[in-house]
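# Need coordinates for the following:
(4 chains, ligands or ions: 5)
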Amino acid sequence: MKRFLIVTLISLFLIGFSITSAQRPYIAMISKGFQHQFWQAVKMGAEKAAKDLNVTITFEGPESEAMVDKQIEMLQAALAKKPAALCIAALDSKAVIPYLEKAHSMGIPVIGFDSGVDSDIPVTTVATDNIKAAGYAADMMAKFINRVGEVALVVHDQTSRTGIDRRDGFVNRIKQKYPLIKIVAIQYGGGDHLKSTDLAKAIIQAHPRLKGIFGANEGSAIGVINAVREMNKVGKIVVIGYDSGKQQIDAIKSGLMAGAITQNPVGMGYMAVEAAVKAIKGEKLPKFIDSGFYWYDKTNIDDPKIKQCLYE
Amino acid sequence: MAEKLSALFSKSGLRQILMFASLFLLFAFFSLASPNFLTYENVIAILLATCVNGLLALGVTFVIITGGIDLSIGTVMTISSVMSGVFITFWKLPVFVGVLGGILTGVLAGFINGTVISKMKLPPFIATLGMMMIAKGLALVVSGCKPIYFNDAPIFNKIAMGSILGSIFPGLGEFPNAILWFILFIIIAHIILTRTALGRYTFAIGSNEEAARLSGLNVDKWKTIIYALCGMFVGIAGVIMASRLNSAQPALGQGYELDAIAAVVIGGTSLRGGEGSIIGTVIGALIMSTLTNGLRILSVPQEWQIVVSGIIIIGAVYLDIIRRSREV
Amino acid sequence: MAEKLSALFSKSGLRQILMFASLFLLFAFFSLASPNFLTYENVIAILLATCVNGLLALGVTFVIITGGIDLSIGTVMTISSVMSGVFITFWKLPVFVGVLGGILTGVLAGFINGTVISKMKLPPFIATLGMMMIAKGLALVVSGCKPIYFNDAPIFNKIAMGSILGSIFPGLGEFPNAILWFILFIIIAHIILTRTALGRYTFAIGSNEEAARLSGLNVDKWKTIIYALCGMFVGIAGVIMASRLNSAQPALGQGYELDAIAAVVIGGTSLRGGEGSIIGTVIGALIMSTLTNGLRILSVPQEWQIVVSGIIIIGAVYLDIIRRSREV
Amino acid sequence: MENINKSFPGVQALKDAYFELNRGEVHALVGENGAGKSTLMKILVGAYRKDSGRIIYKGKEVDIPNPRVAQEMGISMVFQELNLMPHLTVAQNIFIGREPKRKNIPIFLDDNEINKRTKELLDMLHLKVEPNVKVSNLSVGKQQMVEIAKALSFNSEVIIFDEPTAALSEAETEELFNVIRKLKSQGIGIIYISHRLEELKEIADRVTVMRDGQYIATDYMKNLTIEKIISMMVGREIYETLREREVDENAEVVLEVRNLKRGKVFKDISFSLRKGEILGFAGLIGAGRTEVARAIFGADPIDSGEIYVKGKRVSIKNPWDAINHRIAYLSEDRKRYGLMPDLDVKSNIILPSMRDFLRALGFVDDKKAESVSNEYVKRLKIRTPSVKQKVKNLSGGNQQKVVVAKWLLKNCDILIFDEPTRGIDVGAKNEIYKLLNELIAEGKSIIMISSELPEILRMSHRIVVMCEGRITGILDANEATEEKILKYATMYED
Ligand SMILES: Nc1ncnc2c1ncn2[C@@H]1O[C@H](COP(=O)(O)OP(=O)(O)OP(=O)(O)O)[C@@H](O)[C@H]1O
Ligand SMILES: Nc1ncnc2c1ncn2[C@@H]1O[C@H](COP(=O)(O)OP(=O)(O)OP(=O)(O)O)[C@@H](O)[C@H]1O
Ligand SMILES: O[C@@H]1[C@@H](O)[C@H](O)OC[C@H]1O
Ligand SMILES: [Mg+2]
Ligand SMILES: [Mg+2]
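Ligands and ions are numbered 1, 2, ... in the order given. Alright, predicted model coming up:
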């Protein structure tokens, strides 16, 4: 046991040494999470950019999108490492500001990604407009159910920015444009595949006339797919998803899912690092970089432009 | 047979039945409140939703009866499903081997927990907290932070989601195998706990560990076995979970331990050790999933669902406590 | 004074110092491994990161010494900060009143926990699990699922993030008040636990509740007080958290109970009750935050951070166990 | 106390029980195990609530809902099952709930004060224990004395002693009696429960006998004889058992211990045990007898020394090693080391012998377990509704019998009995003595640690006397007398 501990400590030591001794510019990226597929894809893009542009990055995020304080601690630890630039996907648009101010005063350029903050400090923000994207999903839902009937939403959570934006983007669009569509349930499954499955089943059970369900992120969408399959409602309920992943792609190909919104996570990561490198060099950047989103379904799923936004 | 029947209506039989009271009340209430609740499909949905939590709870019942705790069940379940994925999808081993591998991963983790607890004398809380973190991190490392899919081995999905019973009795419709497995393991757990030496030792250790040791019990050995047994149930839960989702999700699992432990405690097993039953645990798990399902069917807003669940859990256990104090 | 000094070097004094061993080793290791670790700012960052978890841990130390548990501390902290937000931002009450209101929310929740446990005889695990859910749901309901910001009352942010000490001794730079509050409440908790009747009864109940009752203690009353006291620390943690984030975040909090309980147990307090110390809890909390910070500073990949933390927590507690078994 | 009734699940512990106590008298309460003595007294101090009946105190009917009320009325009790808080110090235990505060800062406790007052109390009992040691570090005997000190500290008008001497040796018992006499002279009423009936001659003024939860009779001690009391208790005559058979000089030495040492607890322990022999161990409390027994049994590690079983050197690292060498140890502290309180009688009895009750696949043969346990319940007259009763619901003496049954069933060759008759009534004690005789007749060998000198003298072939962790003498039964034993037992005392 002791020996094991010693070995662990020594290897840690080596890791620390190798990273701190690296000569290349160091960019710290603080995201909203790290276990999700989505964030892994962002990380992939960021790592690719790091390789292309010859910089070192670290990428970390708290375990859940509720942990505003944990993100701040990560931010603090990142600043202690005196990075050349800082990329942040803020969980709360206000709570991080004091630390961004600190970065600013240390001369560290700040780049926002995924979502913005209520401050001028970030030199640029690379993000998807989730409200717009969810609104688009609502349009597609309306189209598939012929603008009439009951629909439900399974959302990852009710307090995070992405959760709120996607829910509100979808709901508001329906309310504004489709008076005959009724939203009968909005429930939150934490993005957990299993819990979202059981939850979506209960929604289907409670609303026998349900025509469609929108799953607002990967875990939620897959939960909906599972539920529709387990309740034998394939073809009877229109499923619209968000993000990608093998199971959504398969579901679209097999017709279980009508289609989904994908953001451009890999691109987002790449662009964020790219912007950071430019900022380090002092180049001028636009205030907002739209990383874009796409609707994908059976018809365009193999389109290379779409394909590069999907991850398995 | 007649003897058994009369036993059912004897005092202790009555006790067992009364244990269902809270669960029954819940069912009655939801059935009255919504016509969509008491349907065949929904009951199946509730049972299916109980399986994973229920299997975890079965395992940790043993540990809790010894007076210990296992916080690692959630993430060990995850690594078990990830290892099944590694064996089946990455290494292309037969499904059977992959399933076994997943379960053995759970057993191994439990064995390590047991060893650290009995040999290094760490408090179970810390030993299994450490294991919780180790398993969680390793699940991410091994899977490369990505889900592992079982699409190449279609049979895998059938383990939980096939419907053997439905194919024998078509009248039953879809009756997922996961529920059958769950029932099977309930029976196994119950038999182990009530009929075997292992079960007897579980209670003995929980009731008075030092006295058990002085009675010549190799307490260290048996504790290790009990944690490994818990790991086995956890591994099975991992396989069922992966089979149901047709994928191993490396990021999921943390937090499941609390639900499982809650089911055990709601079921009347004391965290101080020495007392407990499998039937109680099963009822505890059913109460939890019925509650969640019912509130969703009633379309109670989610934030109120949480509040109401909290109150009902307290109420259900209180009911049980009154019942036990009355029964003289 | 001289007496105190010599006591420091006596056996029990030495014991206290040795308790720092794991923490010291961690510090030494990280300092050697990275030049960015042992800087004034980073040490302050570690201390600041310890405050909230530390305050929760202080409170739950009392409960754990009685042999109980409080799972609701995470979400009760949340509702305390939300209530402060309601008072200050929604109702425009003076900051002072809002702070008090937040703390009293914690006390009230603790009081209810204590009452349910001592009067309704519910196991602490279930009673506080219920409260965990109730507080979580209510925090969402009351806040409307949105953070409440304190921008209209700029002084509120200063409670935790101002720097009284820095303004008195400019050499200290930024020394957030949160740390001072933490230290103050460590001292208060230590005094309560070691010097007052409440502290004595905390140990007595944990050591043998029945004997305490037979000795004429009003065990129910004291237990209720102890849970309420825990609630007070939790409420304070909620205010500090809100002040630090300049907002009340209604979704945060769940899971924090585990970190706090872990700090207590790492610090040598037994979950079986009867034993424990505030100083141990503080060290436990420091070990956890130092570990997290250090691994981040070393840029260890996040999934490995989790694995390594698990191993080191086991190692640190093992070290402590060896130390204690040596000292006869 | 009149017409007191009390039922527990499955048993009616008290049926119209009656008891009265005068100021300044020592009133003994006797009866078989499970007769309801402890229950009656627990009702008096508010530990249990009665189902029905009246308690009249100083001429007024009173209600005693909890121990605090009893305390305030001036009634305190020394419980049969030790009721201390092991993590607290002696002084903290004694003054729990009534701690004096410091004069300068009145919210702080004044530990110096309670240590001082505890010291005075302990001195009065001639007990050499520091007020600031944790109770968990004391032997049972000393814990018992601490409980007594605690009961005295209330300055009560009524003090109940529930088998206070069960864990005490002669010297401490004498100490206790002196205290009781003093209390009596101050007008305090004493209720005294004991199974050591000889004691009654020395201390009791009146005696009340209970049987099966019912009041039988009360009379002045001077009108009674021990035999009479016994016959009222059990409803029949009991004859005294003596050790039978002498050991053969040439009988095989089954156990030999050489130079055993463990820390400061004991050293230079050497003795041997022959087949068919009862070797008594005498000494004052804290002499180290229990520690030696535990070490032989592998419950505690030893620093040095050798153990030989049937001539072969063995290494015993833990209890199952010991059991494999057919050594059994019955602990003096049944609550901590002897019983699994949540398990039923049957499971407790078969635990060490589990292997004999297993069928294929590790299944326990419950039918067999039940019938075997029932045999022991009958043989030892264990009073329990069934073998499926949890042992925590049995009376103290019956719990002790369960522990005895457990080791009898295991059928080891070398039996170490540490205070085997602690808390057992006369009838059952005789049963146990008979049993010991039967065991040696079967060729087994017994080490009997006991603090009851008459019992040691009556039953042992040879007597080892210990003092302060060393053996000070090994006496042959024929030459041993109480005086001699006491001389050796206090050899190092000042
Ligand atoms: N808590 C309890 N639950 C159930 N039964 C109990 C409980 N306490 C005592 N009893 C039963 O009540 C009866 C009287 O027990 P009690 O302890 O008063 O006997 P006792 O006269 O003190 O015996 P002993 O001499 O063995 O101490 C016994 O049959 C016992 O089994
Ligand atoms: N866990 C412990 N920690 C410290 N001291 C202990 C511990 N257990 C026993 N002792 C001390 O060791 C000495 C030997 O105790 P032991 O119980 O062996 O005596 P004994 O002769 O069996 O007396 P008794 O009749 O009281 O059981 C005593 O002074 C006791 O206080
Ligand atoms: O999975 C989610 C992803 O879809 C979104 O874009 O960011 C938050 C994640 O939880
Ligand atoms: Mg008794
Ligand atoms: Mg002894």
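
# How is chain D divided into domains?
D:4-234, D:253-490 (the TED database).

# would you list these in a markdown table and tack on mean neighbour count?
Heads up, the C-betas are built off the backbone N, CA and C, glycines and all. Formatted as a markdown table, the domains of chain D follow (neighbours: other CB atoms under 10 Å in any protein chain shown):
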| stretch | mean neighbour count |
| --- | --- |
| domain D:4-234 | 19 |
| domain D:253-490 | 20 |
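
# Nearest to residue C:32 among those domains would be which one?
Closest approach to residue C:32 among these (CB to CB): domain D:253-490, 38.6 Å.

# Roughly how far does the residue of the stretch 151-300 of chain B found nearest ligand 1 sit from residue B:258?
Nearest residue of the stretch 151-300 of chain B to ligand 1 (CB to the nearest ligand atom) works out as residue B:275 at 15.1 Å. Separation of residue B:275 from residue B:258 (CB to CB, to the nearest Å): 21 Å.

# Contact residues of the stretch 151-300 of chain A facing ligand 3?
Applying CB under 6 Å from any ligand atom, we find that the stretch 151-300 of chain A lies next to ligand 3 at A:156, A:162, A:191, A:217, A:218, A:243, A:263.

# neighbours of the residue lying closest to the fifth one once chain neighbours are set aside, just the number please.
Leaving out its chain neighbours, the residue that sits closest to residue A:218 by CB to CB, 6 or more residues apart in numbering or on different chains is residue A:243, at 4.1 Å. When neighbours are defined as other CB atoms under 10 Å in any protein chain shown, residue A:243 has 27 of them.

# Tell me which stretches of chain A form strands.
Secondary structure of chain A (DSSP state E): strands located at A:26-30, A:56-60, A:85-88, A:110-114, A:124-127, A:149-155, A:181-188, A:210-215, A:238-242, A:259-263, A:288-290, A:293-296.

# for the ones you listed, which one sits closest to ligand 5?
Ligand 5 lies closest to strand A:56-60 among those, at 59.6 Å (CB to the ion).

# Next, see if the closest one gets close to chain B.
No. Judged by CB under 8 Å from any CB of the partner chain, strand A:56-60 stays clear of chain B, getting no closer than 10.9 Å.

# can you put the strands of chain A in JSON lines and add mean neighbour count?
Shown next, in JSON lines, are those (neighbours: other CB under 10 Å):
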{"stretch": "strand A:26-30", "mean neighbour count": "26"}
{"stretch": "strand A:56-60", "mean neighbour count": "22"}
{"stretch": "strand A:85-88", "mean neighbour count": "28"}
{"stretch": "strand A:110-114", "mean neighbour count": "27"}
{"stretch": "strand A:124-127", "mean neighbour count": "25"}
{"stretch": "strand A:149-155", "mean neighbour count": "24"}
{"stretch": "strand A:181-188", "mean neighbour count": "20"}
{"stretch": "strand A:210-215", "mean neighbour count": "26"}
{"stretch": "strand A:238-242", "mean neighbour count": "27"}
{"stretch": "strand A:259-263", "mean neighbour count": "26"}
{"stretch": "strand A:288-290", "mean neighbour count": "16"}
{"stretch": "strand A:293-296", "mean neighbour count": "20"}
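
# Out of the ones you listed, which is closest to ligand 2?
Going by CB to the nearest ligand atom, the one of these nearest ligand 2 is strand A:56-60, 48.6 Å.

# same for the closest one, what does it pack against?
For strand A:56-60, the elements it packs on are strand A:26-30, helix A:37-53, judged by 3 or more CB pairs under 8 Å, 6 or more residues apart in numbering or on different chains; DSSP states H and E.

# Check whether the nearest residue to residue D:305 once chain neighbours are set aside sits in a helix, strand or coil.
Nearest non-adjacent residue to residue D:305, counting by CB to CB, 6+ apart: residue D:260, 3.4 Å away. Of the three states, residue D:260 takes strand under DSSP: H, G, I helix; E, B strand; the rest coil.

# could you list every residue that touches residue D:260?
D:266-270, D:292, D:295-296, D:302, D:304-307 (CB atoms under 8 Å, 6 or more residues apart in numbering or on different chains).

# can you list the weak-confidence ranges in the chain?
In the absence of a named chain, this looks at chain A. Where chain A drops to pLDDT under 70, the residues are A:1-22.

# could you do chain D instead?
For chain D, the ranges with pLDDT under 70 are D:235-248, D:493-494.
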